[in-house]
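K.L.:
pasting the sequence and the predicted model now:
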Amino acid sequence: MSRFIKSAYLYVRVSTDEQKRKGYSLPEQEDRLLKYCESNNILVKGIYREDFSAKNFNRPEWKKLISVIKKERGKEEKNILFIKWDRFSRNIQYAYEMIGILRKYHAKVMAIDQPVDLDIPESSVMLAVYLSVPEAENSRRAMNTANGMRRARQMGRHPNKAPVGYSNLTTTDGKKYIAPKQPEAGIIKWIFLQLAKNIYKMTEIRRMAATQGFHCSSSNFSKLIRNPVYCGLIPIVLGDNEKEMVKGNHEALISMSIFYRVQDIINTKIRMSKRSEELKATFFLTGFLTCPLCGKRICGSFSKGSRYRYPYYHCRGRCRARTNAVLLNYSYESQLRQLMLSSKAVQLFNYILDDANLNTSRTACLNERAGILRQLARRQLALSKARKLFVEDMLKFDDYSEFKSEYVACCARLKKELGDNIEKLNGIDLQRRLDHGSLLEIFSGYELLDTADKKYLLKFIPPAEVNFVTGELSLELSSALSKILVLK
C-alpha cells in the first residue's frame, strides 16, 4: 500500500482520559505514524490531533481536515493515515458515508495497522469487519455502562451527575455519593414547601427563587420539581417506560409526603384564587373557633363600611355574635409569644444540636478535608516524579505537558472542594459559638409565617376561652406540650 503514497495527512484521535491512561495517547499514535511515513518516504502534509468521540464525524479537527482537502485542486490523490479503523469511526454507517464523500474529492483513508486496498472489491469484506468491531465494542460498552448504572441505582446510589442542590463527592475509601450543596439545597427545599401550600403559581415561585439567587429556566424548573431524588428516592427505568422507585442512600431535602403533594398539585393544576387566598390569610383562626352563645362554628368575612372593608369573625347561626378579626388575630399571636421553651427542653435541644448535628457534621467535614489533602499530596508527588523523568530526558515533552494539564485541572477541582469544605467548617464553628438563646422565644416570628404554616401550628396549640366582647383569648396546651412550653 505505502509504495503508491507520496504524501499524506496524519489523523490521531482519543476519546476519553481512560484511553490516555492506557497508553493509547495522541503522542504515541503520532510517533508511530511519523516513523511509518519516514520509513516509506511519505511526505507529511499536516497532523490533526483529535480529543473527541468517534460516534459521528462532528469533530472539530476532522472538520478542519475535510475543509483542507476540499480546497486542494486537481485530481491528485489526497491520503489520510491513522493507526486503526477505530480511530477513523466507531459507526459503520457513518464510516461508509464519509468514505463516499472523500472519494468525490479523490481522497483515501488508510489504517497502517489494518491495511485495506479499497480498489480491490474483495477488500470490502475486511473493511466491513474492521468497521463493525469498534461499533460492536461501543454497543457492548454502552450496555455494560447501562447495567452498571442500573445496579448502582438498585443499591440506592445516584451514579449520574448530581442534580441541582447536590454535589458529587467521594469518600476516603473511593466510594462516590451525592450530598446537599448550600445555598441551592435550602432554596430548593423552600420551593417545594411553597408549592405544597398551593398558594402561588409555579412561575411566581420561580421568580421569588430568582430573587434569592436561584436562577433556573422554566423547562429546567419543571424538571426539577418532578425529580424524586429530592425526597430521597432513586428512579429506575424498567421496560415499557415503567419506573421503579428505590430508597436512596443520600440525604433527602424534603419528605415524600411533600413531594407527592407537590406532584398532585402541579399535575392537576389546582390553584387557589386571589380572593380565597386573601380570606384564608385574614381569617386563619377559622376552623378553631366556636360561638360562645350557640356553640356553632365561627367563620370569617369582610363587612363593607363607608370607606373600607372591615374583617370580622362571626357566628353561622342567628345569634349574630361577632368580633374584630384583626383584634382576635393579634390576641392569639400575643398569647403565643408569651410561650417559651422550658429550661430542661432548651438543655435537651442543646445536647441534640451539639451531639447529633454539629459534632457529627464537623467530624464528616474534617474527614472529607483529610481525604482532599491526601489526594493533593499524591498529585503533587506524581508531578514531582514526572518532572524528574522529563529533566532526565526519560519522558517526552508532549507526554509531560499532557500529564501536567491533567494535574492542573485535577488540582483546581480539589482546591475548590477544599475551599468549600473550609467554608462549611467555618459555618459549623460559627454555629457552635452562637448563643442558643434564640431557642427560647420560638414563636416570636409567628405573624411572619404563611397561612398554611399558621394553621398547621394551630392544630397543636388551638385557642380556648375566646371573649368575643374584648377580643381576648387563652391557649389550650396538651399535657405533652405543657411539659416543654412555659409562660415567660
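P.N.:
Cool, got the structure.
K.L.:
what helix or strand does the spatially most central residue of the chain sit in?
P.N.:
Centroid-nearest residue in the chain: Pro163, 1.5 Å away (criterion: C-alpha atoms, centre = their mean). Using DSSP states H and E, no element contains Pro163; it sits outside every helix and strand.
K.L.:
got phi/psi on it?
P.N.:
phi -70, psi 170 (degrees, to the nearest 10).
K.L.:
Provide a list of residues in contact with it.
P.N.:
Ile178, Leu224, Asn227, Val229, Tyr230 (C-beta atoms under 8 Å, 6 or more residues apart in numbering). Glycine gets a C-beta too; all of them are placed from N, C-alpha and C.
K.L.:
so which of these belong to helices?
P.N.:
Of these, the ones assigned to helices by DSSP state H are Leu224.
K.L.:
determine which two of the contacts of Pro163 are furthest apart.
P.N.:
Greatest spatial distance among these (C-beta to C-beta): Ile178 and Leu224, at 14.8 Å.
K.L.:
thinking again about what came up before, so which of the contacts of Pro163 is the most crowded?
P.N.:
Highest neighbour count within these, by other C-beta atoms under 10 Å: Tyr230, with 26 neighbours.
K.L.:
what about that one, distance to Lys223?
P.N.:
According to C-beta to C-beta, to the nearest Å, Tyr230 and Lys223 sit 11 Å apart.
K.L.:
hang on, the earlier thing: okay, the contacts of Pro163 in JSON lines with pLDDT and distance to Lys388 next?
P.N.:
Compiled in JSON lines, the contacts of Pro163 are given as follows (pLDDT from 0 to 100; distance: C-beta to C-beta, whole Å):
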{"residue": "Ile178", "pLDDT": "82", "distance to Lys388": "38"}
{"residue": "Leu224", "pLDDT": "90", "distance to Lys388": "49"}
{"residue": "Asn227", "pLDDT": "88", "distance to Lys388": "48"}
{"residue": "Val229", "pLDDT": "87", "distance to Lys388": "46"}
{"residue": "Tyr230", "pLDDT": "89", "distance to Lys388": "49"}
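K.L.:
by mean pLDDT, point me to the weakest helix or strand of this structure.
P.N.:
helix 17-21 (a mean of 48; mean pLDDT, DSSP states H and E).
K.L.:
after it, next one along is what?
P.N.:
helix 26-39.
K.L.:
so how far is that next one from its chain's centroid?
P.N.:
43 Å (C-alpha atoms, centre = their mean, to the nearest Å).
K.L.:
what kind of secondary structure is Tyr312 in?
P.N.:
strand (DSSP: H, G, I helix; E, B strand; the rest coil).
K.L.:
neighbours around the residue lying closest to it once chain neighbours are set aside, how many?
P.N.:
Leaving aside its chain neighbours, Tyr312 sits nearest to Arg322 (4.7 Å; criterion: C-beta to C-beta, 6 or more residues apart in numbering). By other C-beta under 10 Å, 16 other residues sit near Arg322.
K.L.:
same thing with Arg153?
P.N.:
19.
K.L.:
ok, now which ones touch Trp313?
P.N.:
That one is not Trp; residue 313 is Tyr. 283, 285-286, 289, 298-300, 322-325, 328, 468.
K.L.:
ok, now how distant is it from Leu449?
P.N.:
Computed with C-beta to C-beta, the distance linking Tyr313 and Leu449 is 19 Å.
K.L.:
among the contacts of Tyr313, name the ones in strands.
P.N.:
Ile298, Cys299, Gly300, Arg322, Thr323, Asn324 (DSSP state E).
K.L.:
among these, name the buried ones.
P.N.:
Ile298, Gly300, Arg322, Thr323, Asn324 (16 or more other C-beta atoms under 10 Å).
K.L.:
for the second one, list each beta-bridge partner.
P.N.:
Put plainly, it is Gly300. Note on Gly300: beta-bridge partners by DSSP bridges are Tyr313.
K.L.:
next one: the last one
P.N.:
Each beta-bridge partner of Asn324 is listed here, defined by DSSP bridges: Tyr312.
K.L.:
tell me how far the residue nearest to the centre of the chain lies from Val229.
P.N.:
Applying C-beta to C-beta, the value for Pro163 to Val229 is 5 Å.
K.L.:
and the helices in the stretch 301-450 of the chain?
P.N.:
Using DSSP state H, counting those that start in this stretch, the helices found in the stretch 301-450 of the chain span residues 325-337, 343-352, 360-391, 397-433.
K.L.:
out of those, nearest to Lys104?
P.N.:
Per C-beta to C-beta, nearest to Lys104 of these: helix 397-433, 34.6 Å.
K.L.:
and the closest one, what does it pack against?
P.N.:
Where contact means 3 or more C-beta pairs under 8 Å, 6 or more residues apart in numbering; DSSP states H and E, helix 397-433 is packed against helix 17-21, helix 26-39, helix 360-391.
K.L.:
for the record, mean pLDDT for the last one?
P.N.:
Across helix 360-391, the average pLDDT comes to 83.
K.L.:
off-centre distance for it?
P.N.:
That offset, for helix 360-391, works out to 26 Å (C-alpha atoms, centre = their mean).
K.L.:
buried residues in that helix?
P.N.:
Result for helix 360-391 [16+ other C-beta under 10 Å]: buried residues Arg362, Cys365, Glu368, Arg369, Gly371, Ile372, Gln375, Leu376, Arg379, Leu383, Ala386, Phe390.
K.L.:
wait, the last one touches Phe397, no?
P.N.:
Yes: using C-beta atoms under 8 Å, Phe390 is in contact with Phe397, at 7.3 Å.
K.L.:
circling back to that earlier point, between the buried ones among the ones in strands among the contacts of Tyr313, which is closest to Val133?
P.N.:
Of these, the one sitting nearest to Val133 (C-beta to C-beta) turns out to be Gly300, at 76.8 Å.
K.L.:
is it true that that closest one touches Ala325?
P.N.:
Yes: if you go by C-beta under 8 Å, Gly300 and Ala325 touch, sitting 5.8 Å apart.
K.L.:
where exactly do the strands run in the stretch 101-250 of the chain?
P.N.:
Ranges of strands within the stretch 101-250 of the chain are 107-111, 166-170, 176-180, 233-237, 243-247, based on DSSP state E, counting those that start in this stretch.
K.L.:
among the ones you listed, which is nearest Asn40?
P.N.:
Here strand 107-111 is closest among these (C-beta to C-beta), at 11.5 Å.
K.L.:
run the chain-centre distance for stretch 467-487.
P.N.:
That offset, for stretch 467-487, works out to 45 Å (C-alpha atoms, centre = their mean).
K.L.:
273 is where my numbering starts, stick with that
P.N.:
Right, with 273 as the first residue, what we last looked at is stretch 739-759.
K.L.:
ends of it, how far apart?
P.N.:
Taking C-alpha to C-alpha, to the nearest Å, the first and last residues of stretch 739-759 lie 21 Å apart.
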